[in-house]
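> Following is a predicted model, sequence given first.
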Amino acid sequence: MIRFFKLITGISFIKIYRSIIQLPWYYRTARQFKRLIKDKKEFPLKKNYPCLLDKYDQGGVAQGIYFSQDLYVAQQIFKNNPEKHLDIGSRIDGFVAHVASFRPIEVMDIRAIDSKVKNIIFVQQDLTAISKEFCDYCDSISSLHVIEHFGLGRYGDQIDPEGHIKGIQNLVQILKTGGICYLSVPIGEQRIEFNAHRVFGLQYLLNLLKIYFQLISFSYVDDAGNIHAEIELNEVLISNNCGCHYGCGIFTLKKK
């Protein structure tokens, strides 16, 4: 029940507890600071803004699903330098920002995006029902941690148990023959966690993707957030989903 409450509210009882026990430290250091600036007028002390837990965090974390996949795929696009790259629903403040730092990128999402940013062109479109104008549209396409949501209604899309299949089929329609697709999804024991996402078994994915694509390379981010780049898949890794409960499979694919 506590975990469910945290999921729907974003409130963490552990963080609340840790913050409360840091309050004496906060008020002690605040009083110390006020004594030291008593005669200084350059920066008036206007209000309190308690930041109680930052001193226990690391200075930064260079790992995790989004960090690893966004950086890896952006590097591949830089290396391959396609004529036109289209992204479907990936993280704007991660992957899209990486790519936009060195080239134009078009971004398609079912939701509106009002921001105006150099090198980023926004297109509002539902990938499960794309317009004909997008057929054979580009030679490079990406969709990172997106397909698993299709058909679950989370982002305003229609409820459809086969939404992920329709999404992949339309990725194929958008991509020119011989074009490259960068696709990532959660991997682990196959399941739906409604209405957040699907988690895919590797064997299921490979069987589905080989209908439309040639597999160029496979990478994955494990449960600890570490990336394993361009590995050779074998029967053991496929059967145990690379040892992941909720990892991230990153597929580089070529349209047949």
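Structure's in. What do you need?
> what about the longest strand in this structure?
As far as residue count goes, and with DSSP state E defining each element, the longest strand of the chain is strand 175-187.
> elements contacting it?
Judged by 3 or more Cβ pairs under 8 Å, 6 or more residues apart in numbering; DSSP states H and E, the packing partners of strand 175-187 are helix 65-80, strand 138-144, helix 163-174, strand 197-199, helix 202-209, strand 213-221, strand 247-255. Heads up, the C-betas are built off the backbone N, CA and C, glycines and all.
> Could you rerun that using 10 Å?
helix 65-80, strand 85-88, strand 138-144, helix 163-174, strand 197-199, helix 202-209, strand 213-221, strand 247-255 (3 or more Cβ pairs under 10 Å, 6 or more residues apart in numbering; DSSP states H and E).
> and it, C-alpha only, in PDB?
This file holds the C-alpha atoms of strand 175-187, laid out as PDB (Å, rounded to 0.1, in the frame of the first residue of the first chain):
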ATOM      1  CA  LEU A 175      11.400   4.500 -42.600                       C
ATOM      2  CA  LYS A 176      12.800   4.200 -46.100                       C
ATOM      3  CA  THR A 177      14.000   0.800 -47.300                       C
ATOM      4  CA  GLY A 178      17.500   0.200 -46.000                       C
ATOM      5  CA  GLY A 179      17.000   2.900 -43.300                       C
ATOM      6  CA  ILE A 180      18.200   2.600 -39.700                       C
ATOM      7  CA  CYS A 181      15.900   2.300 -36.700                       C
ATOM      8  CA  TYR A 182      17.100   2.800 -33.100                       C
ATOM      9  CA  LEU A 183      14.500   1.200 -30.800                       C
ATOM     10  CA  SER A 184      14.700   0.700 -27.000                       C
ATOM     11  CA  VAL A 185      12.100  -0.900 -24.700                       C
ATOM     12  CA  PRO A 186      12.100  -2.400 -21.200                       C
ATOM     13  CA  ILE A 187      13.300  -6.000 -21.100                       C
END
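> Which residues belonging to it are considered buried?
By 16 or more other Cβ atoms under 10 Å, the buried positions in strand 175-187 come out as L175, K176, G179, I180, C181, Y182, L183, S184, V185, P186, I187.
> quick one: it to strand 213-221, angle?
Angle, strand 175-187 to strand 213-221, by axes from the mean of the first three to the mean of the last three Cα atoms, to 10 degrees: 30 degrees.
> Going forward, count from 29.
Renumbered: residue one is now 29, and that last one reads strand 203-215.
> and strand 203-215, how far from the chain's centre?
Offset of strand 203-215 from its chain centre (Cα atoms, centre = their mean, to the nearest Å): 15 Å.
> hmm, who's touching whichever helix or strand comes after that strand?
Per DSSP states H and E, strand 203-215 leads on to strand 219-221 as the next helix or strand towards the C-terminus. Taking contacts as Cβ atoms under 10 Å, 6 or more residues apart in numbering, the residues outside strand 219-221 that touch it are L35, E176, G179, L180, P189, P214, H225, R226, V227, F228, G229, Y274.
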